[in-house]
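# Need the 3D shape of this:
(one chain, ligands or ions: 1)
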Amino acid sequence: MLLADRVALITGGAGPNGLGFATARALASQGARVVITDLEAARPAEAAARLGPQHAGLVANVTVKAEVEAAVARVLEQFGRIDILVNNAGITQPRKTVDISDSDYDAVLDVSLRGTLLCSQAVIPAMQKRRSGSIICISSVSAQRGGGILGGPHYSAAKAGVLGLARAMARELGPDGIRVNCIAPGLILSDINKDKMTDERRAEIAQTIPLARIGVPADVAGACLFLASDLSGYCTGITLDVNGGMLIH
Ligand code: NAD
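Below you'll find the model as predicted:
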């Protein structure tokens, strides 16, 4: 077992078809006790129960500091430690630059970027005490190539912000034994995009990808498992591309 005795917190992990839940399942299969946090409507407790009784689900909006802090306090009370944080919660919106409203900007930047900062801030002191931890931040190919397929420029900016934040945290927290890394998924079939594309468009996109298929959540979960475990013990500040070769750089 790669993660025996470890405790992992995964934000935005309740959607059964999402990257977060696939990651929760992968980490649990390697012995981790997993805490899924998500918005109330996504029913995180039910999601955690599907993994087994040793796991937990908590309601926490990643954009609200008090909710994030309360969730982390609950995890520490119940499990005594947090070894792994996966900053996975994110939303996207298709927009042209001139159409991005103030509220669009706030919504998208707040979940991906402020959420990553708030959740990291909340777990860092406990990780510092143990002098060990792995923080994984889900960015996007959209940050690297200037737009993915569906998200607007504000989504690219939020995910590029995540890359910068993660790299700076990696530099700062390395001496405390805390590793911080990013994953940049390409197009992965999940609820975030499933109703936003026709089957024909999907097939067209798949043809442009060297591995000739659109990704599945398990593709990202495998990369998360690597970054969460000691297999990646000398990796910090990296961005792991999980994009089928959509962007090779
Ligand atoms: P998803 O919509 O299934 O998952 C996102 C989750 O975040 C949902 O469970 C949602 O309830 C939760 N969430 C939204 N706002 C929240 C908030 N304020 N607080 C807490 N939770 C909140 O989509 P997904 O594809 O699984 O996306 C997971 C992550 O991967 C996101 O950060 C997304 O931007 C990123 N990503 C996805 C793709 C893709 O193609 N699917 C590609 C690159 C990056």
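# what's the pLDDT at residue 194?
At residue 194, the model reports a pLDDT of 82.
# for residue 197, same thing?
Looking at residue 197, its pLDDT stands at 85.
# Would you confirm that residue 139 contacts residue 181?
No: look at residue 139 against residue 181 with C-beta atoms under 8 Å: they stay out of range, at 10.1 Å. The way it works is simple: take the backbone N, C-alpha and C, and place the C-beta from them, glycine included.
# neighbour-wise, which of these two wins?
residue 139 (28 against 24; other C-beta atoms under 10 Å).
# From the ligand, how far out is the more buried one?
According to C-beta to the nearest ligand atom, to the nearest Å, residue 139 and the ligand sit 7 Å apart.
# Now do the contacts for that residue.
Residues near residue 139 by C-beta atoms under 8 Å, 6 or more residues apart in numbering: 159, 160, 162, 163, 166, 182, 183, 184, 239.
# Distance to the ligand added to those residues, as JSON lines?
Converted to JSON lines, the contacts of residue 139 look like this (distance: C-beta to the nearest ligand atom, whole Å):
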{"residue": "159", "distance to the ligand": "7"}
{"residue": "160", "distance to the ligand": "12"}
{"residue": "162", "distance to the ligand": "8"}
{"residue": "163", "distance to the ligand": "12"}
{"residue": "166", "distance to the ligand": "13"}
{"residue": "182", "distance to the ligand": "10"}
{"residue": "183", "distance to the ligand": "8"}
{"residue": "184", "distance to the ligand": "7"}
{"residue": "239", "distance to the ligand": "12"}
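# Enumerate the residues of this structure near the ligand.
Within reach of the ligand by C-beta under 6 Å from any ligand atom, the chain has these residues: 11-12, 14-15, 18-20, 38-39, 42, 61-63, 88-92, 111-112, 138, 140, 185, 187-188, 190-193.
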